[in-house]
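Student: 3D, please:
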Amino acid sequence: MALLIRDGRVLTMASGPIPRRGGALGELGVIERGDVLIVGEHIEAVAPTGKIKPPEDAEIIEARGRVVMPAFVDCHTHACWAGDRLDEWDRKRAGASYLEILRSGGGIMSTVRAVREAGEDVLTANLVRRLNAMLREGTTTVEVKSGYGLTTEDELKMLRAIRGAGAEWPGTIERTALLGHALDTGQKNFVKKTIEETLPAVREAFGELPIDAYCEEGAWSLEDCEALFKEALVAGHHIRVHADQFHELGMVDWAVSMGPAVVLSVDHLEATGKPALKRLAASGVFGVALPCAGFHTDGRYMDARTFVDANGTLAIATNCNPGSAPTSSMPMAIALAVRNCGLTPAEAIGAATVNSAAMLRLEDRGVLAPHKRADIVMLRHRDERLLAYEFGGDPVDLVVCTGKVVKGDVGK
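Tutor: Numbering: from 1, shown residues only. Below is the predicted model of the structure:
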């Protein structure tokens, strides 16, 4: 099957280095009036309007000047969960902080209890429902973490559920084993057990998945994270880490010391000062901004402007989860990143597409170019800045996932 998207404002994202660092982040590779030809699952050609001769049986979508761009890549989510935290949201609005709720046995641990009670089929169904909501808003690639099990059995259950959802969903799921999330004080020698039992079990069942941890007061300490990561590295895993959401504990400098060959990303960074942000930028390790968490939790955001100006490699993501970021909307993450993280609209688009794909080590998407995977969105806008300027609505008229139209109508 062939499909031609004709006469759009095409953001190819293909005119600069990949990943984008520093000032290159906002290079959109714009074709003012362009066509995109899709054959099968891949892009066949991208060129100014009228330069591509489509197959005679090609279906035509008339963009009429609307923005055509790579689909969003959400590189940090906790989208597999059961239950809700509405009662805890009432506590938060009454004045309790996120860490106070966590220390009292709520927060992450309340979701852990719900996940342990849920069957694998329930977790899979919940995740597919959330993934479909993401797809409608233009996200075709999603990273999904475990981390709400915190026993070997339940972490494996979560990872199987995530795999099962990936088999039902037309997009792509990238899995991460978040083994160091909350501290389960109900388990004796919990950290030791996680390292010595759960980590090897995950390795045996699922291979070299990235290993993640949440380094924060009330969660995993810097020393505990280092112990987990040391064993993960010996076993051949790459590392991702949540750091400095509320407190600057030194995890950024550990990541800098290990470098991008080992550490795929440091995520959150709301409490990270300018000196550490500059050191992280110079190292080449990805920084991942999660502005939806700041919006919902405490109004703090990563200083992405300092990071990018220091030649950092930035991605942005929703952090979709039931506690600090109950959203599945990458357009909302883009809008918040521009308002609160210091990015331009073009930089936020780059961080949500080409750089998020590169962070996940996916070389076949995030740009519109021949032979790349045909994951494409068409906005209702004719100026991409409106993607950041507006917020709270649905800016996406068309979603193409692996060459198939999954939202929108051919011929319109």
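
Student: other SSEs contacting the helix or strand in which Val308 is found?
Tutor: For Val308, the host element (DSSP states H and E) is helix 304-309. In terms of contacts (3 or more C-beta pairs under 8 Å, 6 or more residues apart in numbering; DSSP states H and E), helix 304-309 is packed against helix 274-283, strand 286-289, strand 314-316. Using the backbone N, CA and C atoms, a C-beta is placed for each residue, glycine as well.

Student: Show me which positions of that helix end up buried.
Tutor: Ala304, Thr306, Phe307, Val308 (16 or more other C-beta atoms under 10 Å).

Student: can you check stretch 253-268 too?
Tutor: Applying a neighbour-count criterion of 16+ other C-beta under 10 Å, one finds Asp253, Trp254, Ala255, Val256, Met258, Pro260, Val263, Leu264, Ser265, Val266, Asp267, His268 buried in stretch 253-268.

Student: now Ile61, what's its secondary structure?
Tutor: Recorded secondary structure, Ile61: strand (DSSP: H, G, I helix; E, B strand; the rest coil).

Student: And for it, the neighbour number?
Tutor: Residues near Ile61, counting by other C-beta atoms under 10 Å, number 26.

Student: Dig out what it forms beta bridges with.
Tutor: Ile5 (DSSP bridges).

Student: dump the residue contacts of Asn126.
Tutor: Asn126 makes contacts with Cys80, Trp81, Ala82, Ala118, as judged by C-beta atoms under 8 Å, 6 or more residues apart in numbering.

Student: Compile the residues you listed into JSON lines and extend it with columns for neighbour count.
Tutor: JSON lines is the format used below for these (neighbours: other C-beta atoms under 10 Å):
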{"residue": "Cys80", "neighbour count": "29"}
{"residue": "Trp81", "neighbour count": "24"}
{"residue": "Ala82", "neighbour count": "20"}
{"residue": "Ala118", "neighbour count": "22"}
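
Student: which one among the residues you listed gets closest to Arg6?
Tutor: Ranked by distance to Arg6 (C-beta to C-beta), these are led by Cys80 at 38.6 Å.

Student: Can you name every helix or strand that the helix or strand hosting Cys225 contacts?
Tutor: Cys225 belongs to helix 222-234 when elements are defined using DSSP H and E. Applying 3+ C-beta pairs under 8 Å, 6+ apart, one finds that helix 222-234 makes contact with strand 172-180, helix 190-193, helix 199-206, strand 211-215, strand 239-243, helix 251-258.

Student: List the contacts of it.
Tutor: Helix 222-234 is contacted from outside by 179-180, 191, 194-195, 199, 211, 213, 215, 220, 239, 241, 249-251, 254, 262, using C-beta under 8 Å, 6+ apart.

Student: circling back: turn the helices and strands packed on helix 304-309 into CSV, including distance to Lys157, mean neighbour count and mean pLDDT.
Tutor: As requested, the helices and strands packed on helix 304-309 are exported to CSV (distance: least, C-beta to C-beta, whole Å; neighbours: other C-beta atoms under 10 Å; pLDDT from 0 to 100):
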stretch, distance to Lys157, mean neighbour count, mean pLDDT
helix 274-283, 34, 18, 98
strand 286-289, 26, 28, 98
strand 314-316, 28, 31, 98
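
Student: Now do Ala2: how many residues are near it, please.
Tutor: Neighbour tally, Ala2, other C-beta under 10 Å: 16.

Student: for the one 3 residues further on, same thing?
Tutor: Ile5 sits with 28 neighbouring residues when counted by other C-beta under 10 Å.

Student: Next up, the contacts around it.
Tutor: Here Ile5 is in contact with Asp35, Val36, Ile38, Ile61, Ala63, Val68, Ile376, Met378, Leu398, Val400 (C-beta under 8 Å, 6+ apart).

Student: quick check, the third one in a strand?
Tutor: Pointing back at Ile38 there. Yes: counting by three-state DSSP, Ile38 is part of a strand.

Student: Give me the neighbour count for it.
Tutor: 26.

Student: ok, now the last one?
Tutor: Using other C-beta under 10 Å, Val400 has 25 neighbouring residues.

Student: Pretty sure it sits against Met69.
Tutor: No: at 11.1 Å, Val400 does not count as touching Met69 under the criterion of C-beta atoms under 8 Å.

Student: re earlier: out of the buried residues of stretch 253-268, who's nearest Leu314?
Tutor: Ser265 (10.0 Å).

Student: Which residues does the strand or helix carrying that closest one contact?
Tutor: Secondary structure from DSSP H and E places Ser265 in strand 263-268. Residues outside strand 263-268 that contact it (C-beta under 8 Å, 6+ apart): 75-76, 210, 238-245, 251-252, 255, 280, 285-288, 290, 293, 302, 315, 317, 319, 359, 361.

Student: What about the closest residue to Thr198 other than its chain neighbours, how many residues nearby?
Tutor: Leaving aside its sequence neighbours, Thr198 sits nearest to Thr152 (C-beta to C-beta, 6 or more residues apart in numbering; 4.4 Å). Thr152 has 18 neighbouring residues, counting by other C-beta under 10 Å.

Student: just Val46 next, same as before
Tutor: By other C-beta under 10 Å, the burial measure for Val46, its neighbour count, is 23.
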